[in-house]
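S.K.: how would this look folded up:
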Amino acid sequence: MKTVLITGANKSIGFETARQLLQQGYYVYLGSRDMHKGQQAVSQLQAEGLTQVEPIEIDVDDIASIKAAREVLGQKTNVLDVLINNAGIGGTMPQTPLETDISVFREVFETNFFGVIEVTQAFIDLLKQSPEPRIVNVTSGLGSLTLHNDPSWKHYQVKPTSYVASKAALNAYTIVLAYNLRDTSFKINAVDPGYTATDFNNHSGPGTVPDAAARVVKAALLGPDAPTGQFFSDDNVPETGISPW
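M.R.: As a prediction, the model looks like this:
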C-alpha cells in the first residue's frame, strides 16, 4: 500500500485531498499542527469507512515539530511515496509593497516557502525509498510572474504582495528541486488548486473543494512517463492545464 503525508490536512483542500487519496487506496498520514484537530479529521474519515489514516502532528513553522514528525513517521514506515506540501497562509490583508510591514512578509514566507523546504528536506530520505516518489507543492495561480505582468489576465489587479512573492518563491524552489532530481524517478510539481471557496478566502472563490483537491490528487498519481517541474493550473490556463511561470 502506498503512503502519503499531507501537511495542513485537517480541513479544507488538504482534508479533501486526504479523502480522495484514501479512496484511491493510499495510506494517509494526515498532518496537522494541532493534534486534536488532526484526530477529529481522522475520526470523520474513519466514520466514512476510510480507515487507512492516522494523524501526524506537524507545524511547518517549527523545525522542532518537523523533526519530531519525521521521527514519528519513521517509526511507522520506511517508505513515503508521496509528500504533499499543502499547508499555507495568506497573511494579514491588505498587502501592498510599500505599506505592508516586513513582519507579514516573514510570517507568510515562513509557512509558504521555508516550511516547504524544511519539510521536504526532513522527509526526502523516506521518499527516496519509494520506487515512484512524488512531491506536490500546492501553490497558487497568483504565483505566476508572467500572468501578473499581463494586463489581460483576469486576476491582474489581485496582488497581495507577500502572498504573491511567497508562492513565486515556492514555484522557483519546485523548478530547482525537480531539476536537481531530474535523473531519478521523482516527479515534483507545483499545483494551483484554483480559486476555491474556503476559509482561506472567506469562501469568496467560485471553485469547489472537491475539484480543487482533485487537481492535487492528479499530480500525486502521476505515472512514470509524466512530466516533472511543471506548474499545473486548470483554473488559469484550462486549455493546457499548465500555467506560465
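S.K.: after the host helix or strand of residue 188, which helix or strand is next?
M.R.: Residue 188 belongs to strand 187-191 when assigned by DSSP states H and E. Sequence-wise, the next helix or strand downstream of strand 187-191 (DSSP H and E) is helix 209-220.
S.K.: average pLDDT for the following helix or strand past that next one?
M.R.: Sequence order places strand 231-232 as the next helix or strand after helix 209-220, per DSSP H and E. On average, the pLDDT along strand 231-232 is 98.
S.K.: could you say what helices and strands strand 231-232 packs with?
M.R.: strand 187-191, helix 209-220 (3 or more Cβ pairs under 8 Å, 6 or more residues apart in numbering; DSSP states H and E). Bear in mind the C-beta positions are built from the backbone N, C-alpha and C, glycine included.
S.K.: who's in contact with it?
M.R.: 139, 143-144, 171, 174, 189-192, 215, 218-219, 241-245 (Cβ atoms under 8 Å, 6 or more residues apart in numbering).
S.K.: longest helix in the chain, please.
M.R.: Determined from DSSP state H, the single longest helix within the chain is helix 161-180.
S.K.: angle of it against strand 187-191?
M.R.: Counting by axes from the mean of the first three to the mean of the last three Cα atoms, to 10 degrees, helix 161-180 lies at 160 degrees to strand 187-191.
S.K.: which pLDDT value goes with the nearest residue to residue 244 once chain neighbours are set aside?
M.R.: Distance criterion Cβ to Cβ, 6 or more residues apart in numbering; nearest residue to residue 244, sequence neighbours excluded, is residue 146 at 3.8 Å. pLDDT, residue 146: 97.
S.K.: likewise for the one 5 residues further on?
M.R.: In the predicted model, residue 151 carries a pLDDT score of 97.
S.K.: that's a strand at it, yeah?
M.R.: No: assessed with DSSP: H, G, I helix; E, B strand; the rest coil, residue 151 is coil; it does not lie in a strand.
S.K.: please name the bridge partners of residue 29.
M.R.: Per DSSP bridges, the residues bridged to residue 29 are residue 5, residue 54.
S.K.: OK, contacts around it?
M.R.: 3-6, 53-56, 73, 76.
S.K.: highest neighbour count among these?
M.R.: The most crowded member of the contacts of residue 29, judged by other Cβ atoms under 10 Å, is residue 6 (31 neighbours).
S.K.: apart from its chain neighbours, what residue comes closest to that one?
M.R.: In space, residue 6 is closest to residue 84, 4.4 Å off (Cβ to Cβ, 6+ apart).
S.K.: over to that neighbour. Which of the three states is it?
M.R.: strand.
S.K.: burial measure for it, as a count.
M.R.: Neighbours around residue 84, by other Cβ under 10 Å: 28.
S.K.: no further queries at this time; thank you.
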